[in-house]
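Asker: missing the sequence, but the structure's below:
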């Protein structure tokens, strides 16, 4: 299943993906497939795959603010002006957090390669997520955590909390250190803004 | 040259400090440790030595990482990145001491801090042993008191310059139980070793230097034709010739006299010296006092003998003041320490290779002070007379060698709050003693109660653990040579660890006092053990038997038994 395709980037690690709508692909994604905090992979021309996380969602709607009457109904427009419908889109922000090479060799942090326009974005399965976080059989790693915080998104801490919770369920053996990290991030995310 | 341990960051808070950054992989850069950088001085590459004054971490885990005692912070930190195995990184502040100039036998500050990025090295043991000490252990004039605290025991010996100690005075300051008597014992062992053979007197108010006697049997303290000698002077053998007392001594021994009594005492003192010369006796003093202000000549043929109290009572002046003074003087002269003719001979007390321990434990404190004051005055006069050629061999004031006097509980002899009778002679010796070969070693557990002038005149200081903040401040005020960084270590020192600073070492050092050759005599009493012994089997039965009332013959009669 494919979530969408890369349509824009605002930095080396910050990409925008347009989610496929029904009719654009054989198996269109459901909303939970591109939920906040989902791990995705971006297939590139090279041998490795960029791993990213969905950190934002924007709904594009050219009709918003156009309050005047229409001469045609929506059903008629679907027949006579199909391009018009395509201007409505769901865009998701993806932050690249590493690469997954052949043999599940994971690199956390800024990926050296970049994604190209129209590169496909796919959801990652549980096995791939575990492989990406596996630390040479010695617990798990979230080497991208400082990158997420440094990204500056207002949702960065909540995103990290979301990822940690996901990893807690996927890797129960790594729960103790994850809980310490989660408590630390949760405190900063929940208490400091109000302090 | 060893591998560098860090890299210079920049200047410190003062012109004589710099900072460097180190991961300190060996965990060896402790406060008080010595490091160096290289600089070219007058065309020659020199190792500029410095002492670590402060150490502060520059990379710490967030508090949140330390939240769960079951989860080490490394496990949390390891999850979020490829962190180095050694998260510790420290900023070390170093006080620059300088390079060692063999010609000056001292450290010379080049006033040239290292530039940023310059490597810093840990000073090796050999370098430190040669730079910190002026003498090698067991060299003539050396006093090996221990080893550098920041290095393994015995790696870098700390050796004092015995000649400096025994000319410019020594102070040993510590709280109770920190090991000051132990350190004093070590210094005494060194002074009496074959390579020094000092003439030492120990003023011992608690009789805790008895064990020094074992020095006579320690092989390392003997040499061919020499063996140190320890002479214990017990309290009952201590004698003060009354004629060695000055008028202030008498006034000190007779406190709370009225103005009129002072007048009579002074007049009597002057009169007895005028009439009987320098060696007057107690009887002569009493007779002169009794004669009072009358012009009646003293015709008593027994005047130089001890007068019987009854005679005095019968002949007592009607003047109540003089009568009261006579009573006070009688009380004073009843003390067993005063004698008409004898006093402790200086040549017996002071002799090279001999340590005389003057035990004052059974003597009242004011009398202790007078014993010490008269003794120091006699010593001072003897050294003056001998050095100036006024005393010849055979004269009781002839003392042709320097002496060292170690005084325990020195705050009792030079108190800060008021002048004791010993204060003046102590100050005289401390300020002028080096010219005439009279040196003092002062030991005190309350530097706050010790006269500040007296403390500051001791040019070598051995400071052990001090917890009391008043005492710490007093030490900081009086001891100029010890930096604030070392004084901050005072409460943290353990038993047997000392800061040694001043004239006898090239730079202040943290020292681990070496084990003594002789047993330590000031161990605390084990009260619970004594209490348990009271009830031990056999002892209590014997005690009951010994204390049982004896039955007299009448009690043993048949009628008594069967009543």
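Answerer: Arrived safely, thanks for sending. Note that this is a predicted model, so its numbers are computed, not measured. Residues are numbered from 1 along each chain as shown, chains lettered A, B, ... in the order given.
Asker: for chain B, which strand is longest?
Answerer: strand B:44-57 (DSSP state E).
Asker: OK, contacts around the residue nearest the centre of chain A?
Answerer: Nearest to the mean C-alpha position of chain A, by C-alpha atoms, centre = their mean, lies residue A:54 at 1.9 Å. By C-beta atoms under 8 Å, 6 or more residues apart in numbering or on different chains, residue A:54 lies in contact with A:34, A:35, A:36, A:37, A:38, A:40, A:92, A:93, A:94. Yep, even glycine has a C-beta here, placed from its N, CA and C like the rest.
Asker: hmm, try it at 10 Å
Answerer: A:3, A:17, A:33-40, A:92-95, A:121, A:123, A:159, A:162 (C-beta atoms under 10 Å, 6 or more residues apart in numbering or on different chains).
Asker: That one: what secondary structure?
Answerer: strand (DSSP: H, G, I helix; E, B strand; the rest coil).
Asker: now it, which residues is it bridged with?
Answerer: Note on residue A:54: beta-bridge partners by DSSP bridges are residue A:94.
Asker: Residue 99 sits in which helix or strand?
Answerer: Picking chain A for this. Here residue A:99, judged by DSSP states H and E, is contained in strand A:89-100.
Asker: Chain B was what I was after
Answerer: Counting by DSSP H and E, residue B:99 is part of strand B:90-101.
Asker: packing partners for that strand?
Answerer: Judged by 3 or more C-beta pairs under 10 Å, 6 or more residues apart in numbering or on different chains; DSSP states H and E, strand B:90-101 is in contact with strand B:6-11, strand B:17-22, strand B:34-41, strand B:44-57, strand B:106-108, helix B:125-132, helix B:484-487.
Asker: need the contact list for residue 44.
Answerer: I went with chain A, as the question did not name one. Counting by C-beta under 10 Å, 6+ apart, residue A:44 has contacts A:6, A:50, A:99, A:111, A:113, A:114, A:115, A:116, A:119, A:120.
Asker: Chain B is the one I meant
Answerer: Neighbouring residues of residue B:44 by C-beta under 10 Å, 6+ apart: residue B:99.
Asker: So it versus chain A, what's the distance?
Answerer: Counting by C-beta to the nearest C-beta, to the nearest Å, the separation of residue B:44 from chain A is 49 Å.
Asker: Kindly report the same for residue B:275.
Answerer: Relative to chain A, and taking C-beta to the nearest C-beta, residue B:275 is found at 92 Å.
Asker: hang on, that residue packs against residue B:287?
Answerer: Yes - Residue B:275 is within contact range of residue B:287, at 9.4 Å (criterion: C-beta atoms under 10 Å).
Asker: what's the helix or strand for residue A:18?
Answerer: In the assignment (DSSP H and E), residue A:18 maps to strand A:14-19.
Asker: List the contacts of the residue of chain A found nearest chain B.
Answerer: As assessed by C-beta to the nearest C-beta, chain B sits closest to residue A:184 within chain A, at 3.0 Å. Shown in contact with residue A:184 (C-beta under 10 Å, 6+ apart): B:62, B:63, B:64, B:65, B:66, B:67, B:76.
Asker: try 8 Å this time
Answerer: B:62, B:64, B:65, B:67, B:76.
Asker: Could you tell me how many residues sit around the first one?
Answerer: For residue B:62, the neighbour count with other C-beta atoms under 10 Å in any protein chain shown is 13.
Asker: can you check residue B:30 too?
Answerer: Neighbourhood size, residue B:30 [other C-beta under 10 Å]: 13.
Asker: Can you get me a residue count around residue B:351?
Answerer: When neighbours are counted by other C-beta under 10 Å, residue B:351 registers 18.
Asker: Was I right to think it contacts residue B:199?
Answerer: Yes - with contacts defined as C-beta atoms under 8 Å, residue B:351 counts as touching residue B:199 at a distance of 5.7 Å.
Asker: From the contacts of residue A:44, which shows the smallest pLDDT?
Answerer: Ranked by pLDDT, these bottom out at residue A:113, which scores 89.
Asker: could you say which helix or strand contains it?
Answerer: Residue A:113 belongs to no helix or strand, assigned by DSSP H and E.
Asker: Hmm, it is touching residue A:46, no?
Answerer: Yes - under the criterion of C-beta under 8 Å, residue A:113 makes contact with residue A:46 at 5.3 Å.
Asker: Tell me which of these two has more neighbours.
Answerer: Neighbour comparison, residue A:113 and residue A:46: the larger count goes to residue A:113, with 16 against 13 (by other C-beta under 10 Å).
Asker: Quick one: residues contacting the residue lying closest to residue A:97 once chain neighbours are set aside.
Answerer: Nearest non-adjacent residue to residue A:97, counting by C-beta to C-beta, 6 or more residues apart in numbering or on different chains: residue A:144, 3.6 Å away. Going by C-beta under 8 Å, 6+ apart, residue A:144 touches A:53, A:97, A:98, A:108, A:109.
Asker: on that earlier part again, what about the contacts of residue A:54, which are in strands?
Answerer: A:17, A:39, A:40, A:92, A:93, A:94, A:95, A:121, A:123.
Asker: Give me the neighbour count for the second one.
Answerer: Put plainly, it is residue A:39. 20.
Asker: who's it bridged to?
Answerer: According to DSSP bridges, beta-bridge pairing links residue A:39 with residue A:53.
Asker: Mind pulling up the pLDDT for it?
Answerer: 96.
Asker: The last one now?
Answerer: In the predicted model, residue A:123 carries a pLDDT score of 95.
Asker: these two touch, right, it and residue A:3?
Answerer: Yes - using C-beta under 8 Å, residue A:123 is in contact with residue A:3, at 6.0 Å.
Asker: From residue A:77, how far off is the residue of chain A most remote from its centre?
Answerer: The centre of chain A is farthest from one residue, residue A:71, which by C-alpha atoms, centre = their mean lies 38.8 Å away. According to C-beta to C-beta, to the nearest Å, residue A:71 stands 10 Å off from residue A:77.
Asker: could you give the angle of the strand holding residue A:18 to strand A:89-100?
Answerer: Angle, strand A:14-19 to strand A:89-100, by axes from the mean of the first three to the mean of the last three C-alpha atoms, to 10 degrees: 130 degrees.
Asker: Would you give the sheet partners of strand A:14-19, along with the direction of each?
Answerer: Sheet pairing here is set by DSSP bridges, and for strand A:14-19 it gives strand A:4-9 (antiparallel), strand A:89-100 (antiparallel).
Asker: got TSV for the ones you listed, with mean neighbour count too?
Answerer: What follows is those, written out as TSV (neighbours: other C-beta atoms under 10 Å in any protein chain shown):
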stretch	mean neighbour count
strand A:4-9	18
strand A:89-100	22
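Asker: would CSV of the ones you listed with distance to residue B:520 be doable?
Answerer: CSV is the format used below for those (distance: least, C-beta to C-beta, whole Å):
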stretch, distance to residue B:520
strand A:4-9, 79
strand A:89-100, 66
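Asker: can you tell me which of these comes nearest to residue B:502?
Answerer: strand A:89-100 (62.3 Å; C-beta to C-beta).
Asker: where does chain A dip in pLDDT?
Answerer: Low-confidence segments of chain A, defined by pLDDT under 70, are located at A:82-86, A:137, A:195.
Asker: Brilliant, that's me finished.
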